[in-house]
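Undergrad: Pasting the sequence and the predicted coordinates here, then a few questions.
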Amino acid sequence: MGCGITRESEVKESLNQRGDGSVQKVSDIKVNNLNFIDEASRKITDDYEISEIIYFNKFGHVKKVVKKDTKEERVMKIVNKKYVDNSVNNFNITNEIIYLSQLSHPNIIKAYEYYKDSINYYFIFEFVDSGSLIDRIIECDFFSEKLVKTVAKQVLEVLAYIHNRHIVHRDITLKNILMNSFSKQQDLQIKIIDWGNATNIQGNENLKQITGELHFRAPEVLSQSYSYGCDIWSLGVVIYTLIEGEVPFVKKTEAEIIQSIKNESLSFSSSNWENVTIECKQIVQSMLQKDHKKRPKAVELLENKWFSDNETDKEITKNKFVENMTQFQAYNVLQQATISYIATHQISQFERSSVAQLFQKLDTNHTGSLSKEEIAQVCKLQFGQQLTESQINDIFEELDIDKSGNISYNEFITIVSNKQELLCEENVAKAFKYFDKDNSGFITQDELKRSLGYSLISKNEKVWEEFMSKCDLNGDNKISFDEFKILVKGLKS
């Protein structure tokens with residue numbers, strides 16, 4: 001079955017879960033933890049200025065915070081420990097952190113780190129400035145078809161990505177889709193939040209737990225036998241609601257709503273649908289098929305002709321990000337990790353949005369990662385000629401930081417960033433603080449392993465000792481800030 005309620009120990013195990021069984025020599029060591037989500041060893045007030053409360057719920061509350069060193073706004077979710085540590089409570093904040101530590105996508109909310117004291121946990125997420133879809137629909141009653149199409153496409157990109165990884169969200173609703181809009185020049189960007197109900201599906205397994213908001217539950221969820229199609233149904237309800245102004249199956253009682261979801265036909269009779277295209281109506285009908293076996297998959301829906309007029313911007317022109325990508329080179333794994341940490345944690349949301357748009361244009365097969373073939377197309381554009389297979393392999397090997405065989409979104413942020421700008425003294429100092437888990441002023445071998453995403457329980461301790469000796473330039477079994485600077489700036493490989 002999928003994940004149930006998880007605990008702090010499970011979070012720590014997940015964030016540093018990879019064993020080193022594949023590490024037989026120093027060159028096998030790679031950067032495993034490309035999300036860099038970890039427990040901060042400092043007080044929350046050391047790093048953040050606490051601002052106003054955004055909203056309350058029964059488990060705690062959410063506040064806006066400002067990162068002291070970058071002045072970037074973020075969101076802090078405060079949760080009382082009793083709700084996390086008490087197995088009676090059906091509360092999955094730790095489950096959320098586990099999934100967000102594994103996922104890397106432009107339209108999934110980014111988690112940065114978490115703190116704790118004797119009373120609370122403090123989880124830090126990116127700030128999304130325009131609120132949720134439910135906030136917007138309250139303001140304007142309904143959305144234009146063009147805006148609905150933009151939202152639907154981005155949510156489907158997420159669903160295609162997670163379903164390919166055998167994960168189902170189970171809570172796609174209006175309130176769990178946030179909107180970022182940086183300027184009139186930049187397209188709307190949505191973020192999927194609240195991953196506490198997410199779970200893995202094993203093979204052809206059918207899930208049984210009833211979860212999510214009633215109006216967005218698929219018929220098969222109500223029948224307690226469901227799979228990935230429940231997310232497609234929920235998005236169908238979202239699309240319908242954005243156009244209609246209310247959910248499709250409105251009744252007075254919960255029992256009537258359940259019967260309506262299971263048995264009642266979809267209606268497009270209101271005036272809100274008069275100027276909506278037939279393609280839009282057809283895609284909503286296909287997503288709200290009562291029989292989940294007839295419901296199309298996310299990757300199939302993304303090929304629907306309703307989205308075809310969004311593809312006119314597919315041509316990728318040369319820009320600074322493409323140039324940086326084709327010139328990316330890291331001299332050692334510590335430099336790779338440092339550049340990755342700085343790029344994913346320190347670049348502005350505005351710049352991250354530009355990178356996200358480029359990434360999704362390149363991701364032509366909607367997998368949420370870039371294949372060697374997709375990277376080859378970019379290289380061909382940049383260099384204006386057909387590269388040899390050997391040249392493509394060499395470039396791809398350099399870009400594939402975690403050696404997974406694909407370029408994830410977090411890897412892409414790293415490789416398109418300007419390395420020289422990233423490795424300024426201030427940013428290197430921030431990265432050192434990430435590696436120096438106990439604030440001792442030095443990085444130990446265990447801290448190095450943990451920061452790179454490996455379990456502290458090692459099968460190949462001698463390899464790690466050799467790796468540490470290459471990083472420890474003065475032989476005192478720890479890495480000082482001065483040694484760290486030499487290593488990450490590529491002065492010593």
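TA: That came in fine, so what should we check first? Numbers count the residues shown, from 1 in each chain.

Undergrad: give the contact list for the spatially closest residue to residue 277 that is not a sequence neighbour.
TA: Closest residue in space to residue 277, ignoring its immediate chain neighbours: residue 145 at 6.6 Å, by Cβ to Cβ, 6 or more residues apart in numbering. In short, each C-beta sits where N, CA and C put it, glycine included. Under the criterion of Cβ atoms under 8 Å, 6 or more residues apart in numbering, the contact list for residue 145 reads 243, 275-277, 280.

Undergrad: Among those, which lie within helices?
TA: The members of the contacts of residue 145 that map onto helices under DSSP state H are 243, 280.

Undergrad: Quick check: PyMOL command selecting the buried ones in the contacts of residue 145.
TA: Paste this into PyMOL to select the buried members of these, with burial taken from 16 or more other Cβ atoms under 10 Å:
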select buried, resi 243+276+280
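
Undergrad: now, which of the contacts of residue 145 sits nearest residue 215?
TA: residue 243 (15.3 Å; Cβ to Cβ).

Undergrad: Hmm, the closest one is touching residue 273, no?
TA: Yes - taking Cβ atoms under 8 Å as the definition, residue 243 is a contact partner of residue 273 at 6.7 Å.

Undergrad: May I see the domains of this protein written out as residue ranges?
TA: Taking automatic domain parsing as the reference, the chain has its domains at 8-22+32-126, 133-312.

Undergrad: In space, what's closest to residue 324 - neighbours in sequence excluded?
TA: Once flanking residues are discounted, residue 324 sits nearest to residue 416: 5.0 Å by Cβ to Cβ, 6+ apart.

Undergrad: Roughly how far does that neighbour sit from residue 362?
TA: Taking Cβ to Cβ, to the nearest Å as the criterion, residue 416 is separated from residue 362 by 10 Å.

Undergrad: Of those two, give the one with the bigger neighbour count.
TA: In terms of neighbours (other Cβ atoms under 10 Å), residue 416 is the more surrounded of residue 416 and residue 362; the figures are 24 against 19.

Undergrad: so residue 123 sits right up against residue 65, yeah?
TA: No - proximity of residue 123 to residue 65 does not meet the contact threshold set by Cβ under 8 Å, at 11.0 Å.

Undergrad: Does residue 124 belong to a helix, a strand or coil?
TA: At residue 124, secondary structure determined by DSSP: H, G, I helix; E, B strand; the rest coil is strand.

Undergrad: With adjacent residues omitted, what lies nearest to residue 219?
TA: Distances taken as Cβ to Cβ, 6+ apart place residue 262 nearest to residue 219, at 4.7 Å, with adjacent residues excluded.

Undergrad: Whichever strand or helix holds the one you found packs against which elements?
TA: Taking DSSP states H and E as the definition, residue 262 sits inside helix 254-263. Under the contact criterion of 3 or more Cβ pairs under 8 Å, 6 or more residues apart in numbering; DSSP states H and E, the helices and strands touching helix 254-263 comprise helix 219-222.

Undergrad: Over the helix it packs on, what's the mean pLDDT, rounded is fine.
TA: When the per-residue pLDDT values of helix 219-222 are averaged, the result is 97.

Undergrad: Also stretch 432-448?
TA: Stretch 432-448 shows an average pLDDT of 92 in the prediction.

Undergrad: how far does it sit from the chain's center?
TA: Counting by Cα atoms, centre = their mean, to the nearest Å, stretch 432-448 is centred 26 Å from the centre of its parent chain.

Undergrad: Straight-line length of that stretch, end to end?
TA: With Cα to Cα, to the nearest Å as the measure, stretch 432-448 spans 11 Å from end to end.

Undergrad: Likewise for stretch 256-275?
TA: One end of stretch 256-275 to the other measures 30 Å (Cα to Cα).

Undergrad: Sort out which residues of it are buried, please.
TA: In terms of neighbour count (16+ other Cβ under 10 Å), stretch 256-275 has its buried residues at 257-258, 261, 268, 272-273.
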